[in-house]
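Chemist: Task: produce atomic coordinates for the following.
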Amino acid sequence: MSLIPFVLFFLSSGVEPRTGTPRMDDPQVATALAEARSAADLLTGSIRRTLFRHMGSGGPAAAVSACADSAYAISAEVERSSGVELRRVSLKVRNAANTPDSLETALLISWAAEAAAGVTPDTMGVWTLRMNGGVEVLHFMKPLFVTAPCLTCHGNPQRMAPDVRSVLRKRYPEDRAVGYKAGEIRGAVVAVVPVPR
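Modeler: The predicted structure follows:
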């Protein structure tokens, strides 16, 4: 995995990116990473199940509406049950609340370049330690890949069903989260966990 742009950005900002498992002599970081990965997986699985359930019962337009109506509620429930701060971010946002910060943007750009070059970004995610309001936190990002079902509402708008385009126009008038192809990076799940010291 080539994280050169990401690493250069982090080094210039004084933050060190990491992949894999933390040193075993730092159990607080290891615990925070496990919590972050678990919460990110729970969030993506819950949203995916909700979308597929609505897609099966009401079609693609119902799935778009369900996502608009319930994705943030699902995220809030996972945050409440896990104690982990969660966000979904993308370079092409459907909702402005999903705009990445500068460090997240750097990693998303790096992942997109890798995917375009045929390299699969680290699907386990990348993490770093950051200061947030005077508290050390583990900042974890896991890529979200575009799969064939995603293209129903994130693919070429000209190929979308008219009812899907209509729902997207009504729910997301500033939508930029279209034009993807299968295998591209759609965005990432971000999980932030305080590291007690």
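Chemist: residues near the nearest residue to Ala116 once chain neighbours are set aside, how many?
Modeler: Beyond its immediate neighbours in the sequence, the residue positioned closest to Ala116 (Cβ to Cβ, 6 or more residues apart in numbering) is Glu184, lying 7.7 Å away. In this view, the C-beta of every residue, glycine as well, is placed from N, C-alpha and C. For Glu184, the count of nearby residues is 16 (other Cβ atoms under 10 Å).
Chemist: Kindly report the same for Thr120.
Modeler: Neighbour count of Thr120, defined by other Cβ under 10 Å: 12.
Chemist: What of Gly183?
Modeler: 13.
Chemist: Next: Ala113.
Modeler: Residue neighbour count, defined by other Cβ under 10 Å, stands at 16 for Ala113.
Chemist: One more: Arg48?
Modeler: Look at Arg48: counted by other Cβ under 10 Å, it has 13 neighbours.
Chemist: Need the three-state assignment for it.
Modeler: Here Arg48 is recorded as helix under DSSP: H, G, I helix; E, B strand; the rest coil.
Chemist: Now do the same for it: its pLDDT.
Modeler: pLDDT recorded at Arg48 is 93.
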